[in-house]
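Trainee: when you get a sec, could you give me coordinates for this:
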Amino acid sequence: MGTEIGRVLAALSNAIGPRVIVIGGELAEIGAPLLGPVQEALDAGAVPISRHRLTLRRAALGDVAGALGGVALALGESPLLSRYPAAEPEPGPADSSAGRYGEAAARPRLALTPLS
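Mentor: This is a model prediction of the structure:
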């Protein structure tokens, strides 16, 4: 089962190019007997240019991952927080008050840091 999952993840990795793949839920609870073959198949099937950048991880948030992701999304999109001060980026030569295509600058988004 781990080898087949790894093959599918390798194909997705080749198409999308993620840096991290997280295995969660009941699959993550199996641990090394599953994740070892997944990693081997992923290493064998991923293109060499991205293989060294790709990391396979076991989910750390358990059953509450979906709820925490929903909370993070809600906080990031909340109109109540839209006026919260955000770190100002360093001005560059191409900076102006209008966006890239002439639209008004988008409101700042909250920076979310991963839990470890």
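Trainee: residue contacts, the nearest residue to residue 34 once chain neighbours are set aside?
Mentor: Nearest residue to residue 34 in three dimensions, chain neighbours excluded: residue 2, at 4.6 Å (C-beta to C-beta, 6 or more residues apart in numbering). For the C-beta atoms, the positions are set from N, CA and C on the backbone; glycine is no exception. Counting by C-beta atoms under 8 Å, 6 or more residues apart in numbering, residue 2 touches 33, 34, 35, 36, 37, 38, 40, 41.
Trainee: quick check, nearest of those residues to residue 15?
Mentor: Nearest to residue 15 among the contacts of residue 2 is residue 41, at 15.9 Å by C-beta to C-beta.
Trainee: might you report the residue contacts of the nearest residue to residue 6 once chain neighbours are set aside?
Mentor: Take residue 6 and drop its neighbours on the chain: the residue closest to it by C-beta to C-beta, 6+ apart is residue 41, 2.6 Å away. Applying C-beta under 8 Å, 6+ apart to residue 41 gives the contacts 2, 3, 4, 5, 6, 7, 9, 10.
Trainee: buried sites along the helix or strand containing residue 14?
Mentor: If you go by DSSP states H and E, residue 14 is part of helix 2-16. In terms of neighbour count (16 or more other C-beta atoms under 10 Å), helix 2-16 has its buried residues at 2, 3, 5, 6, 9, 10, 13.
Trainee: will you turn the residues you listed into a markdown table that also has pLDDT?
Mentor: Formatted as a markdown table, these follow (pLDDT from 0 to 100):
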| residue | pLDDT |
| --- | --- |
| 2 | 90 |
| 3 | 93 |
| 5 | 92 |
| 6 | 92 |
| 9 | 92 |
| 10 | 92 |
| 13 | 89 |
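Trainee: with distance to residue 64 added, can I get the residues you listed in TSV?
Mentor: Shown next, in TSV, are the buried residues of helix 2-16 (distance: C-beta to C-beta, whole Å):
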residue	distance to residue 64
2	25
3	30
5	23
6	27
9	24
10	29
13	27
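Trainee: ok, which stretches of the chain are strands?
Mentor: Along the chain, the stretches classed as strands by DSSP state E are 20-23, 55-58.
Trainee: just those strands: most buried one?
Mentor: Comparing the strands of the chain by mean neighbour count (mean count of other C-beta atoms under 10 Å), strand 20-23 comes out on top with a mean of 16.
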